[in-house]
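Coordinates only, no sequence provided:
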């Protein structure tokens, strides 16, 4: 049984606020966007906005948090006997295929992050918030020293974030999967089975 009506409405409201934050930031620039403008665009009150997000930066980067959540889920769905780094790489490439073509809003959002240090901090936080869960997934996969599992999870999330930033600087037509593979392959020797 799926989520109830109330839960679906909450998800829809959170998504509407996120989409409004992205659209307004792209159109007017992050510095000119207010929480009130985001709430108005999503047709909710300022108080409702505050029930979902602490600020405009969090609303803008909500999509990142969702993408990282799906990535962690993709790792959990990999075969249990698969070595940890191989599972991470396969999950990342499967996840990238599910992203589809370059979404102009997503690309613009990443470009905003690079221009605004406060957004970069929120983005790092979005990735780091899943680090504990990813570490637990890796520890379940095979007996790893706790620090090695945490290092692997952190390195993987950084490699993914760096790959997207690098991809944006590459010539049009460059495949994100190729840049992800390059980034992950550079780290693979450090996490080869011992």
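Sure thing, it's come through. Keep in mind that this is a model prediction, so the values were computed, not measured.

Count the neighbours of residue 172 for me.
5 (other CB atoms under 10 Å). In this view, the C-beta of every residue, glycine as well, is placed from N, C-alpha and C.

For it, which three-state class applies?
Assigned state for residue 172: coil (three-state reduction, DSSP: H, G, I helix; E, B strand; the rest coil).

Now it, what are its backbone angles?
Torsion angles at residue 172 (phi, psi; degrees, to the nearest 10) stand at phi -60, psi 140.

Mind listing what's buried along stretch 71-78?
By neighbour count on 16 or more other CB atoms under 10 Å, the buried set for stretch 71-78 is 71, 72, 74, 75, 78.

give me the number of residues near residue 44?
Neighbourhood size, residue 44 [other CB under 10 Å]: 17.

what's the answer for residue 64, then?
Residue 64 has 24 nearby residues by other CB under 10 Å.

Check whether it really touches residue 124, as I assumed.
No: Residue 64 is beyond contact range of residue 124, at 9.9 Å (criterion: CB atoms under 8 Å).

Tell me the first helix or strand C-terminal of the lowest-mean-pLDDT helix or strand in the chain.
The weakest-scoring helix or strand in the chain, judged by mean pLDDT, DSSP states H and E, is helix 104-115 (a mean of 73). Using DSSP states H and E, the helix or strand that follows helix 104-115 in sequence is helix 117-128.

now that next one against helix 104-115, angle please.
Between helix 117-128 and helix 104-115, the angle comes out at 110 degrees (axes from the mean of the first three to the mean of the last three CA atoms, to 10 degrees).

So which elements touch helix 117-128?
Helix 117-128 is packed against helix 56-60, helix 62-76, helix 104-115, helix 146-169, with contacts defined by 3 or more CB pairs under 8 Å, 6 or more residues apart in numbering; DSSP states H and E.
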